[in-house]
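K.L.:
got a structure for you, letters missing:
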């Protein structure tokens, strides 16, 4: 018989297993529920009903008291910051005096605005959901 062990505090599926019919394992860290479950997908809601949250949409987790997926803000924020850092490093060449001398004032202004928008990305109201600035041509 397949089973899952759910934590009663947060509803998360902590373990899955398979035991012979009629056997009763000693579970000390949650409640055992018969069924075929997947960690990170199934959870026990506040009514004690096992729910299937579906496949994770990415940087999400299941939270007690919430039916479905919740954005993991720390993971999502770290991903955005890392991407921002890559984009800034890819445009560092703009800061070299020899490159600046070959650009028009309009081109320099475009690059300045782009790089500043990247640095300010964490200040967007919906952060870590962001609108990325468009790289100058």
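P.N.:
Received it, and whenever you're ready, just let me know what you need. Only a predicted model underlies this, so the values are computations on that prediction, with no experimental measurement involved.
K.L.:
now residue 52, nearest residue through space, not along the chain?
P.N.:
Excluding its sequence neighbours, the residue lying closest to residue 52 (CB to CB, 6 or more residues apart in numbering) is residue 42, at 5.7 Å. Yep, even glycine has a C-beta here, placed from its N, CA and C like the rest.
K.L.:
what number of residues are in the vicinity of the one you found?
P.N.:
Counted with other CB atoms under 10 Å, residues neighbouring residue 42 total 22.
K.L.:
buried ones in the helix ranked longest in the chain?
P.N.:
Using DSSP state H, we find that the single longest helix of the chain is helix 73-90. Across helix 73-90, burial judged by 16 or more other CB atoms under 10 Å covers 76-77, 80, 84, 87.
K.L.:
tell me the buried residues in the helix or strand hosting residue 117?
P.N.:
For residue 117, the enclosing helix or strand under DSSP states H and E is helix 105-119. Using 16+ other CB under 10 Å as the burial criterion, the residues of helix 105-119 that qualify are 110-111, 114-115, 117-118.
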